[in-house]
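A.B. asks: Requesting a structural model of the entry that follows:
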Amino acid sequence: MNNYVFFALIATTGTWLVTALGAATVVFFKSQNQKSLNITLGFASGVMIAASFWSLLQPAIERAEQSAGLPAYLVASIGFLSGALFMWLSDKAVSFARKKTNTAPNKANEQFHRIIMLVLSITLHNIPEGLAVGVAFGALQGNNNGAENLAGAISVAVGIGLQNFPEGAAVSVPLRREGISRGKSFLFGQLSGMVEPLSGVLGALLVVYVETFLPYALSFAAGAMVLVAVHELIPECQQNQESQPYTATMGIVLGFTAMMLLDVMLG
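C.D. replies: I've put the predicted structure just below:
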């Protein structure tokens with residue numbers, strides 16, 4: 001295995017482990033306290049919305065500006081709308097499959113539907129992040145300024161790893177909210193980050209081609225995340241909030257702020 005591909009594998013394995021660490025926070029919820037779960041679900045929504053811009057759309061626009069293809073704003077718009085459309089079609093496919101199996105809509109089926117949409121959106125988000133790390137390390141091959149660029153590649157991996165901590169929680173905590181056991185919530189949460197080592201190796205191997213495709217992949221994941229956050233998570237966290245209507249809303253604001261700070265500070 002090429003050394004730089006191996007480095008990409010090691011780096012993205014690290015980012016996956018940080019995702020697992022974030023997902024492990026679900027063990028602190030011994031019981032389903034409505035208020036705390038609404039706050040954390042709102043926090044997860046804020047994380048996803050902030051990550052969709054600073055982790056995905058902004059890098060997509062910057063990379064698209066460096067290429068000689070379509071205008072950057074068009075690349076980002078195409079990818080973003082495609083991601084939202086993909087999640088909408090996935091929603092329709094799940095509903096269609098349920099009807100074909102003659103399964104009547106009930107609470108359990110709706111719960112399963114939300115779980116699929118949530119895990120799928122975060123997993124899609126992790127694919128371009130893994131690609132970004134792989135590209136950063138793969139681009140080191142044949143580069144004369146190796147030490148500086150190696151530091152840059154490491155900083156990309158560290159930045160994405162730190163961002164993955166709240167993203168792991170963004171999967172496991174909502175699943176716990178749905179009544180899933182802590183063990184299974186953790187399992188699904190860390191599984192959403194398992195795609196990063198795979199996509200990291202792919203990015204390093206196909207760095208030339210991925211550089212062209214990456215802006216579309218980044219903005220695609222952003223569209224998927226925003227649709228799920230707005231359509232699924234935010235309405236869910238706002239339920240049963242008559243007595244404290246701003247509890248979940250402050251969770252959204254705090255999640256957005258935390259993710260924004262991480263992204264901006266780490267560049």
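
A.B. asks: can you give me the helices for the stretch 51-200 of the chain?
C.D. replies: Secondary structure of the stretch 51-200 of the chain, counting by DSSP state H, counting those that start in this stretch: helices at 58-66, 72-100, 107-138, 146-177, 182-191, 195-205.

A.B. asks: deepest of the ones you listed, which one?
C.D. replies: Ranked by average neighbour count under the criterion mean count of other C-beta atoms under 10 Å, the helices of the stretch 51-200 of the chain are headed by helix 195-205 at a mean of 25. The way it works is simple: take the backbone N, C-alpha and C, and place the C-beta from them, glycine included.

A.B. asks: Contacts only, for the residue nearest to Thr212 when sequence neighbours are not counted.
C.D. replies: Closest residue to Thr212 apart from its sequence neighbours, by C-beta to C-beta, 6 or more residues apart in numbering: Ser67 at 6.4 Å. Residues near Ser67 by C-beta atoms under 8 Å, 6 or more residues apart in numbering: Glu211, Thr212, Pro215.

A.B. asks: Now do Ser67, the pLDDT please.
C.D. replies: pLDDT recorded at Ser67 is 79.

A.B. asks: go on, Leu124?
C.D. replies: 76.

A.B. asks: Next: Pro105.
C.D. replies: 56.

A.B. asks: Same question for Asn2.
C.D. replies: 65.

A.B. asks: next one: Ala221
C.D. replies: For Ala221, pLDDT reads 78.

A.B. asks: need the contact list for it.
C.D. replies: Neighbouring residues of Ala221 by C-beta under 8 Å, 6+ apart: Ser52, Leu56, Gly83, Leu124, His125, Ile127, Pro128, Glu129.

A.B. asks: The nearest residue to the second one once chain neighbours are set aside: how many residues sit nearby?
C.D. replies: Looking back up the chat, that one is Leu56. In this structure, Leu56 finds its nearest non-sequential neighbour in Ala222, 3.9 Å apart by C-beta to C-beta, 6+ apart. Ala222 has 30 neighbouring residues, counting by other C-beta atoms under 10 Å.

A.B. asks: Dump whatever helix or strand Ala222 lives in to PDB, keeping only the CA atoms.
C.D. replies: Per DSSP states H and E: Ala222 is located in helix 207-228. Extracted C-alpha coordinates of helix 207-228, given in PDB (Å, rounded to 0.1, in the frame of the first residue of the first chain):
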ATOM      1  CA  VAL A 207      -7.100  12.100  -5.800                       C
ATOM      2  CA  VAL A 208      -7.000  13.500  -9.300                       C
ATOM      3  CA  TYR A 209     -10.600  12.500 -10.000                       C
ATOM      4  CA  VAL A 210     -11.900  13.200  -6.500                       C
ATOM      5  CA  GLU A 211     -10.600  16.800  -6.700                       C
ATOM      6  CA  THR A 212     -13.000  17.400  -9.500                       C
ATOM      7  CA  PHE A 213     -15.900  15.600  -7.900                       C
ATOM      8  CA  LEU A 214     -15.400  16.700  -4.300                       C
ATOM      9  CA  PRO A 215     -17.200  20.000  -4.500                       C
ATOM     10  CA  TYR A 216     -20.300  18.200  -5.700                       C
ATOM     11  CA  ALA A 217     -20.000  15.600  -3.000                       C
ATOM     12  CA  LEU A 218     -19.600  18.200  -0.300                       C
ATOM     13  CA  SER A 219     -22.600  20.300  -1.300                       C
ATOM     14  CA  PHE A 220     -24.600  17.100  -1.900                       C
ATOM     15  CA  ALA A 221     -24.100  16.100   1.700                       C
ATOM     16  CA  ALA A 222     -25.000  19.600   2.900                       C
ATOM     17  CA  GLY A 223     -28.300  19.400   1.100                       C
ATOM     18  CA  ALA A 224     -29.100  16.100   2.600                       C
ATOM     19  CA  MET A 225     -28.200  17.300   6.100                       C
ATOM     20  CA  VAL A 226     -30.300  20.400   5.900                       C
ATOM     21  CA  LEU A 227     -33.400  18.600   4.700                       C
ATOM     22  CA  VAL A 228     -33.200  16.100   7.500                       C
END
